[in-house]
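Novice: build me a model from this:
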Amino acid sequence: MNTPGPVDVPEAFAASYRAHGAAERRWIRELPSLASEFLEQWNLRPDGPAAHGMASLVLPVLRSDDSPAVLRLQQVRPETAGVAAGLRAWGGDGAVLLLDHHPDSGTQLLERLDATRPLGTVADDDTALRLLAALMARLTATPAPPGLRRLDGIAAAMLDEAPRATPALRDPHERRLLRDCAAAVAPLLDEPGDRLLHWDLHDGNVLAGEREPWLVIDPEPLSGDPGFELLPAIDQRWDAVLAGADAGRTVLRRFDLLTEALDLDRPRAAGWTLARVLQNALWDIEDGRTALEPTQTAIATALLRHRRG
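Specialist: Numbers count the residues shown, from 1 in each chain. Take a look at the predicted model:
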């Protein structure tokens, strides 16, 4: 096999990394040679232009037997350290297949799916949500493998940070809302769950495939309660939610559909969903924001009212 030529890194992707620290800038400089190294090491041939998401470069390739695959390169970070373990635990059951993996660099060789057909292209919201819920139920039925980050540690750190972060919010109502979210999470710490969670499961992270009609991609694996999975599915297609008559009612309808599909205890699932709101708020405050995202406010308000009602 001929040695592959240099890999072109899309400028938009490179620019997004240059805006961060020295480690990110160094990684993006070394990315073309890293890609070429794994093309040669795994006997792959490029099969189209590189694409990218928020944090990874994806190169369509052909393997030595001419079967299609994708080479995925992503900087190793705490939230992605368990990707290979998670994908291996799922073993392709509802998720993309991991074909090879280099643990030091985080480089993955994956089954190729149809990136032009995410689940978000399914026009009917209920249909898309039911398909997503069925996949979520399958994935969360798997016990988390050893060594993954655990929800109890993440939740405890959030509760520790919340009192210091909450005063940064300008609106007293939002400060009260964040305290209510924290109060809903605190009783759940003793039973954090042990299922394998994706952590970012929404209709943009599900692609059409040949082996199955729809398969999940881009996990950030975590060991915990399936209720912690629900928020990204509840707030997807939010513009369509706002176009409706009652955003709160839509939030509860989506919550009901998901909890029924996963056979979850509804009060616990509501608490863990409020934990995701708290997590997102703390991230925003850390980034210097002084107001909650309206989407998160609407979801928290609907679930808190439902819990009290």
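Novice: who are the packing partners of the lowest-mean-pLDDT helix or strand in the chain?
Specialist: Least confident helix or strand, the chain: helix 238-243 with a mean of 75, by mean pLDDT, DSSP states H and E. Other elements packing on helix 238-243 under the criterion 3 or more C-beta pairs under 8 Å, 6 or more residues apart in numbering; DSSP states H and E are helix 247-262. The way it works is simple: take the backbone N, C-alpha and C, and place the C-beta from them, glycine included.
Novice: model confidence over the helix it packs on, on average?
Specialist: Confidence over helix 247-262 (mean pLDDT, whole number) is 94.
Novice: could you do stretch 155-173 as well?
Specialist: Mean per-residue pLDDT for stretch 155-173: 97.
Novice: check stretch 199-213 too.
Specialist: Averaging pLDDT along stretch 199-213 yields 96.
Novice: let me see the contact set for the most centrally placed residue in the chain.
Specialist: Central residue of the chain (C-alpha atoms, centre = their mean): residue 200, 1.9 Å from the mean position. Contacts here follow C-beta atoms under 8 Å, 6 or more residues apart in numbering; on that basis residue 200 touches 218, 219, 220, 232.
Novice: quick check: it vs residue 258, distance?
Specialist: Using C-beta to C-beta, to the nearest Å, residue 200 is found at 15 Å from residue 258.
Novice: burial count for residue 215?
Specialist: Around residue 215 there are 24 other residues, counting by other C-beta atoms under 10 Å.
Novice: typo on my end, residue 114
Specialist: 12.
Novice: re the thing from before, three-state assignment of the residue nearest to the centre of the chain?
Specialist: coil (DSSP: H, G, I helix; E, B strand; the rest coil).
Novice: which phi and psi does it have?
Specialist: Reported as degrees, to the nearest 10, the phi and psi values for residue 200 are phi -150, psi 50.
Novice: tell me the buried residues within the contacts of residue 200.
Specialist: Buried by 16 or more other C-beta atoms under 10 Å: 218, 219, 220, 232, out of these.
Novice: can you tell me which of the residues you listed lies closest to residue 267?
Specialist: Proximity of these to residue 267 was ranked by C-beta to C-beta; the top entry is residue 232 with 20.5 Å.
Novice: let's see the least confident helix or strand of the chain as CSV, backbone CA atoms only.
Specialist: Extracted in CSV, the C-alpha atoms of helix 238-243 (Å, rounded to 0.1, in the frame of the first residue of the first chain):
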residue,chain,number,x,y,z
TRP,A,238,-36.4,23.6,20.8
ASP,A,239,-37.4,26.1,18.1
ALA,A,240,-40.3,23.8,17.3
VAL,A,241,-41.2,23.7,21.0
LEU,A,242,-41.3,27.4,21.2
ALA,A,243,-43.5,27.6,18.1
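Novice: isn't residue 56 right next to residue 72, touching?
Specialist: Yes. In this structure residue 56 lies within contact range of residue 72 using C-beta atoms under 8 Å: 5.4 Å.
Novice: so which of the two has more stuff around it?
Specialist: Using other C-beta under 10 Å as the criterion, residue 56 and residue 72 rank with residue 72 on top: 23 against 17.
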